[in-house]
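[1] Predicted model, plus sequence, below.
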Amino acid sequence: MREKHGPRLLAIAAAFLIAAAPFASAQERGGGATSRNDQRRGEAQATPRTPLPPEAVTQHSIDLGGQTLAFTARAGAVRLVDANSGSAQADIAYVAFERSDAGDAAKRPITFALNGGPGAASGFLNIGAMGPWRLSMSGAALAPSAPPVTTANAETWLAFTDLVFIDPPGTGFTRVLTDSDDVRRHFYSVSGDIDILSVTIRKWLEQHNRLASPKFIVGESYGGFRAPKIAHVLQDTENVGVNGIAMLSPVIDFSWFEGTTPLTRVALLPAMTAVARGATDRTKLADVEAYATTEYLSDLLKGPRDKDAIDRLSTKVAGFLALDRALVARLGGRVDADTFLRERGRAQQRVGSVYDGTISALDPNPNAAESHWSDPFLDGLRAPIASAMADITVNRLNWPVGELRYEILNNQVVRQWNWDRGRRTNEALGDLRQILALDPQMRVLVMGGLTDLITTYFGSKMLVDQLPAYGDARRVRFEAVPGGHMFYSRDDARAALRDAGRELIEGRHVGE
């Protein structure tokens with residue numbers, strides 16, 4: 001995701017984005033990130049501030065084209081505490097759906113879903129793609145005033161796996177229950193976030209007697225970055241094995257998706273071309289993919305002082321992107337996503353979405369030199385998704401959270417986020433290598449939208465291509481589908497995601 005009038009926040013998303021801290025796992029094991037004063041204050045605090053209510057359990061069913069799917073819904077929170085003082089640190093909210101007509105729960109797969117940001121709640125994946133109810137995310141639904149009305153989701157994953165949607169601190173209804181600045185800083189860090197989410201998953205499994213179930217993790221955007229890291233920590237620290245992960249529109253390596261390096265530009269060109277062509281099939285992009293990894297990369301590496309290289313780049317790139325060649329030449333053949341989205345709609349006074357370049361909206365300042373619109377797609381979805389999730393959780397699932405607001409996107413989280421050694425030094429490919437090498441049963445799905453200009457499908461493909469076979473190359477599946485960052489907003493891509501998810505969870509390979 002990206003912050004309004006600021007840097008991009010990589011999402012979830014769709015999709016998609018506060019923080020809880022590494023302290024949770026460390027302190028529940030007896031270590032501690034809090035000071036002695038913090039511990040004394042926690043011990044003296046008899047009643048945690050705004051604790052979340054006990055889990056609410058309700059029964060439901062939906063009709064999927066003549067087939068009735070019955071399920072149990074749970075809305076509640078996992079309490080994280082300081083192991084030294086016993087003081088409450090956070091209530092991590094979740095919404096879970098479990099089939100009530102599918103036999104022994106211990107044998108059923110269970111899937112934990114997370115969005116990204118950091119700072120995004122899991123509502124995007126819940127009512128956008130995987131849950132039993134769905135909110136439209138296209139056409140007239142892309143407006144704050146769109147009615148937040150959900151319908152039965154024909155593409156729900158509940159047909160083949162139970163589901164748990166988790167909201168990190170600062171998102172959804174999750175609440176931090178301590179005044180400790182140290183704890184909060186730990187929550188809002190790369191490593192702390194992974195630790196507390198891993199502890200939350202382990203505790204949820206223990207509390208609901210699901211440790212024997214096949215376990216999967218789905219993450220979108222920054223959630224896709226989280227997924228292999230959480231699986232790694234669950235294996236290595238929490239003693240919980242994970243059978244597979246799905247990384248949707250993932251930011252696998254920040255250095256590949258941000259900045260102006262030649263590889264970043266190679267990753268971006270096919271996605272911008274997909275937007276220019278309105279492509280919904282990757283086979284229609286074979287020419288630009290081939291060019292990007294050969295002549296384009298070669299001319300980029302020659303540098304901006306090579307006039308012949310600039311001349312070749314300007315002609316080819318202008319052709320792929322349907323932009324004026326003189327403009328491309330002024331940019332040295334190096335067209336960034338924001339310029340592309342602004343220039344292709346400038347004559348119509350419209351600006352495109354970096355989350356899906358095929359979607360545009362009226363430009364608030366069409367005569368300005370630059371556009372400062374946060375994003376027409378994402379901004380239009382915030383209110384309907386947040387309202388729909390609040391209505392489902394409070395009214396349909398009967399979880400009495402009082403006057404708490406459902407935080408769908410929290411920009412304060414990314415402003416406070418601790419990127420450890422720096423944002424662009426963070427990558428998840430190393431964790432992916434570790435979990436695949438350690439467990440020969442581990443399976444991975446990586447999926448991206450063709451017209452996503454943030455975490456480009458081609459960037460993900462190039463990174464996945466760097467993985468060894470690990471005994472069977474089919475254990476890692478990459479697929480590019482129509483649509484943008486939240487590609488599941490399209491009916492065809494949502495169906496493709498459901499089918500790929502079923503294959504991942506059932507352990508089948510494509511075509512079997």
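    On my side now, so go ahead.
[2] Outline the domain layout of this protein.
    Here the domain assignment for the chain is 23-256+406-427, 257-374, based on automatic domain parsing.
[3] Adding mean pLDDT, write these out as CSV.
    Conversion of the domains of the chain to CSV gives the following (pLDDT from 0 to 100):
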stretch, mean pLDDT
domain 23-256+406-427, 87
domain 257-374, 93
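[4] Please identify the deepest-packed of the ones you listed.
    Compared across these, domain 23-256+406-427 shows the largest average neighbour count, a mean of 21 (mean count of other CB atoms under 10 Å). From N, CA and C alone the C-beta is placed, and that goes for glycine too.
[5] neighbouring contacts of stretch 457-475?
    Here stretch 457-475 makes contact (CB atoms under 8 Å, 6 or more residues apart in numbering) with 247, 250, 252-253, 256-257, 263-264, 266-271, 282, 289, 292, 429, 432-433, 436-437, 440, 442-444, 446, 448-450, 476, 478, 480, 509-510.
[6] Mind putting the domains of the chain into JSON lines with distance to residue 505?
    JSON lines is the format used below for the domains of the chain (distance: least, CB to CB, whole Å):
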{"stretch": "domain 23-256+406-427", "distance to residue 505": "5"}
{"stretch": "domain 257-374", "distance to residue 505": "24"}
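[7] And residue 259, how close does it get to residue 424?
    Distance of residue 259 to residue 424, computed by CB to CB, to the nearest Å: 7 Å.
[8] right, I mislabeled it, should have said residue 268
    Residue 268 is 16 Å from residue 424, by CB to CB.
[9] Export the biggest helix by length in the chain to PDB, keeping only CA atoms.
    As assigned by DSSP state H, the longest helix anywhere in the chain is helix 190-207. The C-alpha coordinates for helix 190-207 follow below in PDB (Å, rounded to 0.1, in the frame of the first residue of the first chain):
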ATOM      1  CA  VAL A 190       9.700  -6.200  10.700                       C
ATOM      2  CA  SER A 191      11.000  -8.900  13.100                       C
ATOM      3  CA  GLY A 192       8.500  -8.100  15.900                       C
ATOM      4  CA  ASP A 193       5.600  -8.200  13.600                       C
ATOM      5  CA  ILE A 194       6.600 -11.700  12.400                       C
ATOM      6  CA  ASP A 195       7.100 -13.000  15.900                       C
ATOM      7  CA  ILE A 196       3.800 -11.800  17.300                       C
ATOM      8  CA  LEU A 197       1.800 -13.100  14.300                       C
ATOM      9  CA  SER A 198       3.600 -16.500  14.700                       C
ATOM     10  CA  VAL A 199       2.700 -16.600  18.400                       C
ATOM     11  CA  THR A 200      -0.900 -15.600  17.500                       C
ATOM     12  CA  ILE A 201      -1.300 -18.500  15.000                       C
ATOM     13  CA  ARG A 202       0.300 -21.000  17.500                       C
ATOM     14  CA  LYS A 203      -2.000 -19.900  20.300                       C
ATOM     15  CA  TRP A 204      -5.100 -20.000  18.100                       C
ATOM     16  CA  LEU A 205      -4.300 -23.500  17.100                       C
ATOM     17  CA  GLU A 206      -3.800 -24.600  20.700                       C
ATOM     18  CA  GLN A 207      -6.900 -22.900  22.000                       C
END
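[10] ranges for the helices of the stretch 1-150 of the chain?
    With DSSP state H, counting those that start in this stretch applied, the stretch 1-150 of the chain shows helices at 23-28, 36-44, 123-125, listed in chain order.
[11] Report the beta-bridge partners for the most centrally placed residue in the chain.
    Computing the C-alpha centroid of the chain and ranking residues by CA atoms, centre = their mean puts residue 220 first, at 2.1 Å. Residue 220 has the following beta-bridge partners by DSSP bridges: residue 248.
[12] thinking residue 264 is in contact with residue 256, fair?
    Yes: using CB atoms under 8 Å, residue 264 makes contact with residue 256 at a distance of 6.3 Å.
[13] can you pull out the strands in the stretch 351-500 of the chain?
    Secondary structure of the stretch 351-500 of the chain (DSSP state E, counting those that start in this stretch): strands at 360-362, 443-449, 476-481.
[14] got those strands as JSON lines, with distance to residue 96 columns?
    Shown next, in JSON lines, are the strands of the stretch 351-500 of the chain (distance: least, CB to CB, whole Å):
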{"stretch": "strand 360-362", "distance to residue 96": "35"}
{"stretch": "strand 443-449", "distance to residue 96": "21"}
{"stretch": "strand 476-481", "distance to residue 96": "26"}
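[15] Where among those strands is average confidence lowest?
    Mean pLDDT is lowest for strand 360-362 out of these, coming in at a mean of 88.
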